[in-house]
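Visitor: have a look; sequence and predicted model below, questions after that.
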Amino acid sequence: MTKFRWIICSLLFVATTVNYLDRQVLSLTWKDFIALDFHWNDNDYGNITAIFSIFYAVISLFAGKFIDWMGTKKGYIWAIVIWSVGACLHAACGVVTMSLAGIENIDALRAVQKGSEIALTVSTISVWLFLGCRIILATGEAGNFPAAIKVTAEYFPKKDRAYATSIFNAGASVGALAAPLTIPLLAKHMGWEMAFIIIGSIGFLWAGAWLWLYTPPAKSKYVNEEELAYIESDKAAESEAKASDAKADNDGPKFSILDCFKYRQTWAFIVGKFMTDGVWWFFLFWAPAYFSELGHPSTSTTGQLLIFILYAIVTAVSIVGGYLPKIFVEKLGMNPYAGRMRAMLIFAFLPIFAMFAQPLASSSVWWPCIIIGLAGAGHQAWSANLYSTIGDMFPKSAIATITGIGTLFGGLCSFAINKFSGKLFTHAEELGEGFTFFGVTGKPGAYMIVFCYCAVAYLIAWIIMKTLVPKYKPIVNA
């Protein structure tokens, strides 16, 4: 048997890594570089991340349908080229801001007095420019997961999909892992603008590799008959398309977006995304700023090591998490959906430790690093299994569309948590000791509030999902 499916999985992993690298450049440069130039506060950054999230969410609804219509090869190319262009365009925001504000050079920009009218003008213009670039970035990035999930369903049987998904989904962790080791150094030695350009350009290289290697498995010259039979083993088990028709495009009935909302299975996936995606995006966007608040900015050795260790924990645990349902299916004889739900319940308990991150930070900064790492690992393992439930329940023709719908609602949660966090942190900082939550005062108390939500979101989501779809029930007709 050939093993070309794992080559395709590795391409999905690289694309997801690039996706998160591009997304992380802003979070690792705004506090220590960009904010100093443009006089941003937490609320400004919160607005930018929130708008990115909501736009990503809305586009995701249509991105999934676009991928289903365009096909994975062309659709993926469009997605990564658009987001790479958007990533590179961030570098121009400084020059355009100075031009519009009538400031001659960077030294004059940095000499602007904080709180002055010109400082307000600079911050306002720059925020809007960055928002424009983030919208372009979001437009392309919204296509990554619908396309990757669809490719996984094309190249892997159901029993392997959670594991394959956990591998490519680990690219999110690896991207976040590589980011603190590269981006702050690029920003420090070459300027934050070059960090955006260099990281953003990687996507164009991936697009070339995808054009060269990807075709559907039934048409791929790298997939032999034995591997194709393994990939399509679910069809034989379910008495669907037979070997004589293996070369046909048999993706199942077509679903409109509105059709998808008729099913409890769709709403279960929506709940799983809506309750939990914002948790991951909060950690992704705010962890560097949080460690900076604790005295370890991203430019310091300790700050870089904290982020690296955090995502090293996430990466290691999340890959194991994707393999767990395979054990339940093969060793315990459970159906794929039941195995995934049991695994998701196990991983729903890991984020509970997040409520202890802030109280333990006074003892050592490494406690919140480890705890957030475990919570993030729980999310990634949860997410890999959650994505795979779509392939369990829906035909291939609807997978990218359902993924897009779920991503829309996940983005709504991310919008809410980032918008709320930015306002909350700025408010708590202004009140100082006048702001208290569970005995924690000031901005640390504000972080404590968000950490508490992160701790319980997964268990609540699992209970609702299990109530909506208690047993395995695939959709066979539109």
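Guide: Nice, I can see it.

Visitor: what's the neighbour count on I183?
Guide: By other Cβ atoms under 10 Å, 26 other residues sit near I183. To be clear about C-beta, it is placed using only N, CA and C from the backbone, and glycine gets the same treatment.

Visitor: one more: the one 5 residues further on?
Guide: Residues within reach of K188, counting by other Cβ under 10 Å, total 15.

Visitor: my guess is it contacts P297, does it?
Guide: No - K188 lies out of contact with P297 (Cβ atoms under 8 Å); the separation is 10.8 Å.

Visitor: low-confidence stretches in the chain?
Guide: By pLDDT under 70, the low-scoring segments of the chain are 235-255, 319, 321-322, 476-478.

Visitor: buried sites along the top helix by length along it?
Guide: Determined from DSSP state H, the single longest helix within the chain is helix 396-431. Buried residues in helix 396-431, counted by 16 or more other Cβ atoms under 10 Å: 396-415, 417-426, 428-429.

Visitor: what do you get for stretch 105-113?
Guide: So, applying 16+ other Cβ under 10 Å, buried residues of stretch 105-113: L109, V112.

Visitor: tell me the phi and psi of L211?
Guide: Main-chain torsions, L211, degrees, to the nearest 10: phi -60, psi -40.

Visitor: quick one, what contacts it?
Guide: Contacts here follow Cβ atoms under 8 Å, 6 or more residues apart in numbering; on that basis L211 touches K73, I77.

Visitor: now it: how far from I149?
Guide: The spacing between L211 and I149, counted by Cβ to Cβ, to the nearest Å, is 20 Å.

Visitor: also F437?
Guide: From F437 to I149 the distance is 38 Å (Cβ to Cβ).

Visitor: out of those two, which sits in the busier spot?
Guide: I149 (29 against 17).

Visitor: right, and that one touches T401 too?
Guide: No - I149 is beyond contact range of T401, at 10.6 Å (criterion: Cβ under 8 Å).

Visitor: which positions in stretch 2-22 come out as buried?
Guide: Neighbour counts over stretch 2-22 (16+ other Cβ under 10 Å) mark 4-5, 8-9, 11-22 as buried.

Visitor: gap between that stretch and the chain center?
Guide: With Cα atoms, centre = their mean, to the nearest Å as the basis, stretch 2-22 stands 15 Å off its chain's centre.

Visitor: please enumerate the strands of this protein.
Guide: Using DSSP state E, the strands assigned to the chain run over residues 436-437, 440-441.

Visitor: just name the most buried of those.
Guide: strand 440-441 (a mean of 18; mean count of other Cβ atoms under 10 Å).

Visitor: who are the packing partners of it?
Guide: Taking 3 or more Cβ pairs under 8 Å, 6 or more residues apart in numbering; DSSP states H and E as contact, there are no helices or strands that strand 440-441 lies on.

Visitor: in the sheet, which strands lie alongside it, parallel or antiparallel?
Guide: Partners of strand 440-441 in the sheet, by DSSP bridges, are strand 436-437 (antiparallel).

Visitor: you'd agree T139 is up against V58?
Guide: No - shown here, T139 and V58 do not form a contact pair, counting by Cβ under 8 Å, at 9.8 Å.

Visitor: looking at the two, which is more packed in?
Guide: Set T139 next to V58 and count neighbours by other Cβ under 10 Å: T139 wins out with 22 against 18.

Visitor: residue contacts, that one?
Guide: Going by Cβ under 8 Å, 6+ apart, the list of residues near T139 reads F55, I59, I82, W83, G86.

Visitor: contacting residues around the closest residue to the last one other than its chain neighbours?
Guide: When you say that, I think you mean G86. Leaving aside its chain neighbours, G86 sits nearest to I136 (3.2 Å; criterion: Cβ to Cβ, 6 or more residues apart in numbering). I136 is in contact with I82, W83, V85, G86, L89, counting by Cβ under 8 Å, 6+ apart.

Visitor: likewise for Q380?
Guide: Counted by Cβ under 8 Å, 6+ apart, Q380 has contacts S166, N169, A170, A172, S173, W280, V314, V317, S318, G321.

Visitor: same thing but at 6 Å, please
Guide: N169, S173, V314, S318 (Cβ atoms under 6 Å, 6 or more residues apart in numbering).

Visitor: can you add neighbour count and give these back as a markdown table?
Guide: Formatted as a markdown table, the contacts of Q380 follow (neighbours: other Cβ atoms under 10 Å):
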| residue | neighbour count |
| --- | --- |
| N169 | 28 |
| S173 | 28 |
| V314 | 28 |
| S318 | 26 |
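
Visitor: which ones among those residues map onto helices?
Guide: Short answer: these in helices (DSSP H) are N169, S173, V314, S318.

Visitor: pretty sure H379 is in contact with W280, am I right?
Guide: Yes - because the distance of 4.6 Å satisfies Cβ atoms under 6 Å, H379 is recorded as touching W280.

Visitor: most neighbours among the contacts of T139, which one?
Guide: In the contacts of T139, the most neighbours by other Cβ under 10 Å go to W83, 26 neighbours.

Visitor: give me phi/psi at E104?
Guide: Per degrees, to the nearest 10, the backbone of E104 is at phi -80, psi -40.

Visitor: find the nearest non-adjacent residue to it, please.
Guide: In space, E104 is closest to M98, 7.4 Å off (Cβ to Cβ, 6+ apart).

Visitor: can you count the residues close to the one you found?
Guide: Neighbours of M98 (other Cβ under 10 Å): 19.

Visitor: check K114 too.
Guide: 9.

Visitor: what about the closest residue to it other than its chain neighbours, how many residues nearby?
Guide: Leaving out its chain neighbours, the residue that sits closest to K114 by Cβ to Cβ, 6+ apart is H39, at 5.8 Å. By other Cβ under 10 Å, the residues close to H39 number 23.

Visitor: and which of the contacts of I136 is nearest I370?
Guide: W83 (31.6 Å; Cβ to Cβ).

Visitor: measure the closest residue to that closest one other than its chain neighbours to K396 for me?
Guide: Excluding the flanking residues, the one nearest W83 by Cβ to Cβ, 6+ apart is G140, at 2.8 Å. Going from G140 to K396 by Cβ to Cβ gives 23 Å.

Visitor: now L360
Guide: 46 Å.

Visitor: and for T266?
Guide: Taken as Cβ to Cβ, the span from T266 to K396 is 16 Å.

Visitor: how about V440?
Guide: V440 is 49 Å from K396, where distance means Cβ to Cβ.

Visitor: which ones are touching G71?
Guide: Counting by Cβ under 6 Å, 6+ apart, G71 touches no other residue.

Visitor: how close does it sit to F420?
Guide: G71 is 38 Å from F420, by Cβ to Cβ.
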